[in-house]
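S.K.: got a predicted structure here, sequence first:
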Amino acid sequence: MKKISILVPAYNEEEVLEALYQRLGKLANDNKSYDFEFLFVNDGSRDKTLEIIQDYAEKDQRIAYVNLSRNFGKEIAMIAGLDHVTGDATVIIDADLQDPPELIPQMIKFWEDGYDDVYAKRNSRAGETWLKKITAKTYYWLLQKTTRITLQPNTGDFRLLDRRCVEALKQIRESQRYTKGMFSWIGYKKKEVTYDRDPRLAGDIKQNYSILIDLAIDGLTSFTTAPLRLSSLLGGVVSVAAFVYIIYLVARTIIFGIDLAGYPSTMAVILFLGGVQLLSLGIIGEYIGRIFNETKQRPLYFVEEYHHGKIDKKTR
Ligand code: UDP
Ligand code: MG
């Protein structure tokens, strides 16, 4: 029997776990021709999340969990999960039920048809602010314009991955991860299914704006060097313009003599150039920061405990 692993990163999700467990249990009951593994990654939760999962695991052989040594963030929680899943295919799903488990049978069907990466595209995003929608849209547009890989718009981490995609992702050990880009980067046969994204069932959003901004910068800097190119281009244009202006100034001084007016324009140029230089330095700094972080070669995470249900030898 083929085994499907459901990978759930969870951080302070005590309020939604029961409902999630119910829906996943129903999924498994309705699809008896597959073995299921529910792998929870407890990402350093400070509430009862771990206790609840441990409780389930005691009674239910299908439940496995990885307890990380602290909170590492969703991107790292996902790779920790991928390192531990045992299924022939893996579905990554949020704990808050924004991604409906009812979509999974359809994903499995496409997987059986030979697709390696069946991703769920959102038709709508209920319960998200207009600010988030607009920034998300602009950001994806920008990222798509500057990278060579094709990114799937309106697609999150909710997807089914064949074993070989999982093995590919496991080989990417960057510490500042932008997993959404990696799904595209690894390639393989992709298929889209669409759904309406529900609002979070309960509890607060765990990924606040500052985390999302960090992630956005990681996305840009790990998949494109376009900002560096942009700062060189800007530098080039400004230099050429300055050069032309200098020639003009020299010629004017020779022809008409010295003239000391022009304080405002001098200030304008100085301020503009100062801004451009700081911006370019900042961009270069972003990349140097990444180089610094990656050269440390630290492990991505530490596992406090790994509990697995029944593992058949074929997949391990
Ligand atoms: N999450 C996590 N670690 C974190 C933050 C979030 O594992 O540090 C999990 C969280 O439990 C949920 C998923 O990532 O299952 C998505 O989080 P959230 O719903 O807060 O974000 P959004 O829906 O905005 O993507
Ligand atoms: Mg959510």
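M.R.: Nice, I can see it. Just so it is clear, the model here is predicted, and its values are computed rather than measured. Ligands and ions are numbered 1, 2, ... in the order given.

S.K.: how about the stretch 101-250 of the chain: which residue is closest to ligand 1?
M.R.: Using CB to the nearest ligand atom, the closest approach of the stretch 101-250 of the chain to ligand 1 is made by K206 at 3.3 Å. C-beta: built from backbone N, CA, C; applies to glycine.

S.K.: show me what contacts T147?
M.R.: By CB atoms under 8 Å, 6 or more residues apart in numbering, the contact set of T147 is G181, F223, T224, A226.

S.K.: what two of those residues are the furthest from one another?
M.R.: G181 and A226 (13.5 Å; CB to CB).

S.K.: that older thread, contact partners for the residue of the stretch 101-250 of the chain closest to ligand 1?
M.R.: Counting by CB under 8 Å, 6+ apart, K206 has contacts Y11, N12, E13, K74.

S.K.: ok, and the closest non-adjacent residue to the first one?
M.R.: Leaving aside its sequence neighbours, Y11 sits nearest to D43 (CB to CB, 6 or more residues apart in numbering; 4.3 Å).

S.K.: what about the one you found, neighbour count?
M.R.: D43 has 27 neighbours, counted by other CB atoms under 10 Å.

S.K.: list phi and psi for it.
M.R.: phi -90, psi 60 (degrees, to the nearest 10).

S.K.: next, the buried residues of the biggest helix by length in the chain.
M.R.: Identified as the longest helix of the chain according to DSSP state H is helix 263-295. By 16 or more other CB atoms under 10 Å, the buried positions in helix 263-295 come out as S280, I283, R290.

S.K.: kindly report the same for stretch 2-20.
M.R.: By 16+ other CB under 10 Å, the buried positions in stretch 2-20 come out as 3-17, 20.

S.K.: check stretch 236-243 too.
M.R.: Buried residues in stretch 236-243 (16+ other CB under 10 Å): V238.

S.K.: also stretch 53-66?
M.R.: Applying a neighbour-count criterion of 16+ other CB under 10 Å, one finds I53, Q54, Y56, A57, R62, I63, A64, Y65, V66 buried in stretch 53-66.

S.K.: ok, Q297 to ligand 2 distance?
M.R.: Distance of Q297 to ligand 2, given as CB to the ion, to the nearest Å: 32 Å.

S.K.: wait, a helix at that residue?
M.R.: No: applying DSSP: H, G, I helix; E, B strand; the rest coil, one finds Q297 to be coil, outside a helix.

S.K.: backbone dihedrals for V16, please?
M.R.: phi -110, psi -10.

S.K.: so what's it closest to, chain neighbours aside?
M.R.: Nearest to V16 is L201, by CB to CB, 6+ apart, at 4.8 Å.

S.K.: dump the residue contacts of that neighbour.
M.R.: By CB under 8 Å, 6+ apart, the neighbours of L201 are E15, V16, A19, D96, L97, Q98.

S.K.: okay, these in CSV with secondary structure and distance to ligand 2 next?
M.R.: Shown next, in CSV, are the contacts of L201 (DSSP: H, G, I helix; E, B strand; the rest coil; distance: CB to the ion, whole Å):
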residue, secondary structure, distance to ligand 2
E15, coil, 12
V16, coil, 9
A19, helix, 14
D96, coil, 4
L97, coil, 9
Q98, coil, 4
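
S.K.: can you put the residues you listed in CSV and add pLDDT and distance to D259?
M.R.: Shown next, in CSV, are the contacts of L201 (pLDDT from 0 to 100; distance: CB to CB, whole Å):
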residue, pLDDT, distance to D259
E15, 91, 73
V16, 93, 72
A19, 92, 77
D96, 90, 68
L97, 89, 72
Q98, 88, 66
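
S.K.: for those, which one is nearest S232?
M.R.: Of all the contacts of L201, S232 sits closest to Q98, with 40.8 Å by CB to CB.

S.K.: wait, isn't that closest one in contact with A202?
M.R.: No: using CB atoms under 8 Å, Q98 is not in contact with A202; the gap is 11.3 Å.

S.K.: fine, thanks again, bye for now.
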